[in-house]
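In: Fold the following and give me the result.
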Amino acid sequence: MLKRALALGVVAAALAAGSVPAPAQEGIYVPLFTYRTGPFSGSGTHIANGMRDYLTMLNERDGGIGGVKLIIEECETGYDTKKGVECYEAVKGKKPVMVNPWSTGITLPLIPKAAVDKIPVLSMAYGLSASADGTRFPWIFNPPNTYWDGASMIIKYIASQEGGLDKLKGKKIGYIYLDAGFGKEPIPLLETLAKDYGLELKMYPVAATEMQNQSSQWLGVRRDRPDYMVMYGWGALNPTAIKEAVKVNYNMAKFISVWWPSEEDARGAGAGAKGFKTLNWHAASADFPAIRDIQKHVIGKAGSQTPKESVGEVLYNRGVYNSLLIAEGIAQAQKITGKKMVTGEDVRRGLEGMDLSAARLKELGFEGFADPIKLSCSDHNGHKAAFIQEFDGQKYVKVTEPITPLTEKVQPLQDAAAKDYEEKNSGWPKRAEACDKRS
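Out: This next block holds a predicted model:
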């Protein structure tokens, strides 16, 4: 009894002195897989800042979501698949409501883990295109469009410049890409479109270790003289490719990327980068109430890593958009379940019930920021349109109306790929409930 009394006395004294850690904070745990170092940090840092700042702003301005604080924790992956899986294993015991891999390579090995661990994976506009099928991939979400959608929109844009899809026959399309899961993902769709429209497809893969040394690829471009160049790049690949294109005098008006190059990537190539084009689906501006609230509550405060001048740029806003989806999934889960403290299972339902209407976007301070999007049990993507933006020497300027995907080409391929994935993974878990029977 004496020992017990002494022990209790020591603990009480320690608590009074503040030397014993306080109990863990209760809140909704949202881990962010990020990469602020390494050859992909030029892209990853902007994304990480946008993601973290929006969630931090919700904590500072609103006390979290539904009155519950968000516990935000970054795990550095270096865009390395092994490290990304290690991050997942490190955080899953903390009951995250979802994970954000921010790498197609990391997303792929997490797909089979998600159903077992009951943790939704948000791979926003990247990852496995077939996982848009919610009937076969109930734990994976990749809104607002897939890499196959993106490739089809680029080809559709090229057709618009040539006078129609029937005018594509005989055109030569160069494809420069990161030789990894991300860059390889759209190849089946590009090959299908090349066959259907009579295109000649020239491939220029770039290894992750050679992103800053693309002279051989661009010598090939100069030799092959493709009518258009399409790029799926990330990290150091993007600014290097733009510089090399300028160096070989490639017509920048015919160089079009999927949605990842930043303003910084293009600026590094100087005046010759004018005319370079990318897809995008949201504004590149800080002139929105929600982003002004980030500037008020987060930027320049302790813990913020965001340079003031990058707020509102493409990749920063991309990170904000990603966290808008996170927050809305949580909010919708709270609404559906009536609970404040929601789980990964709840948030999966919340994401499937997401309806970011124009009215809801306005309510959240994002009026005009992006088109409305609605997900469902069977559709985890939305397959939204994107527009072409052109670099004017300092910033990107929208130059087309929204371009819808070539759904009649993409959908059959997606359906077949989803079925094939299921069949090749013996014992693939089925949905707990059929989509057409859910409320």
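
In: Could you report the distance from Met231 to Ala253?
Out: 14 Å (C-beta to C-beta, to the nearest Å). Every C-beta, even on glycine, is put in place using the N, C-alpha and C of the backbone.

In: these two touch, right, Val221 and Lys247?
Out: No - the criterion here is C-beta atoms under 8 Å, and Val221 misses it with Lys247 at 10.5 Å.

In: In terms of neighbours, single out the busier of those two.
Out: Val221 (21 against 14; other C-beta atoms under 10 Å).

In: Contact partners for the more buried one?
Out: Val221 makes contacts with Gly174, Ile176, Tyr204, Met229, Ala245, Val248, Tyr250, as judged by C-beta atoms under 8 Å, 6 or more residues apart in numbering.

In: In helices, which of those appear?
Out: If you go by DSSP state H, the contacts of Val221 have Ala245 in helices.

In: and the gap between Gly365 and Asp293?
Out: Taking C-beta to C-beta, one finds Gly365 at 7 Å from Asp293.

In: Map the structural domains onto the sequence of the protein.
Out: Annotated domains of the chain cover 28-145+284-379, 147-280+386-410 [automatic domain parsing].

In: what's the closest of the ones you listed to Pro429?
Out: Closest approach to Pro429 among those is made by domain 28-145+284-379 (4.6 Å; C-beta to C-beta).

In: mind checking the end-to-end distance for the closest one?
Out: Taking C-alpha to C-alpha, to the nearest Å, the first and last residues of domain 28-145+284-379 lie 26 Å apart.

In: now that domain, how far from the chain's geometric center?
Out: Centroid separation for domain 28-145+284-379 versus its chain: 9 Å, with C-alpha atoms, centre = their mean, to the nearest Å.

In: Now do the strands in the stretch 1-150 of the chain.
Out: Along the stretch 1-150 of the chain, counting by DSSP state E, counting those that start in this stretch, strands occupy 28-34, 70-76, 121-122, 140-141.

In: most tightly surrounded among the ones you listed?
Out: Counting by mean count of other C-beta atoms under 10 Å, strand 140-141 has the highest mean neighbour count of these, with a mean of 27.

In: what does that one rub up against?
Out: By C-beta under 8 Å, 6+ apart, the list of residues contacting strand 140-141 reads 107, 111, 114, 120-124, 127-128, 131, 325, 329, 351, 375, 380-381.

In: Recalculate using a threshold of 6 Å.
Out: Outside strand 140-141, the residues within contact range by C-beta atoms under 6 Å, 6 or more residues apart in numbering are Ile111, Val121, Leu122, Ser131, Leu351, His380.
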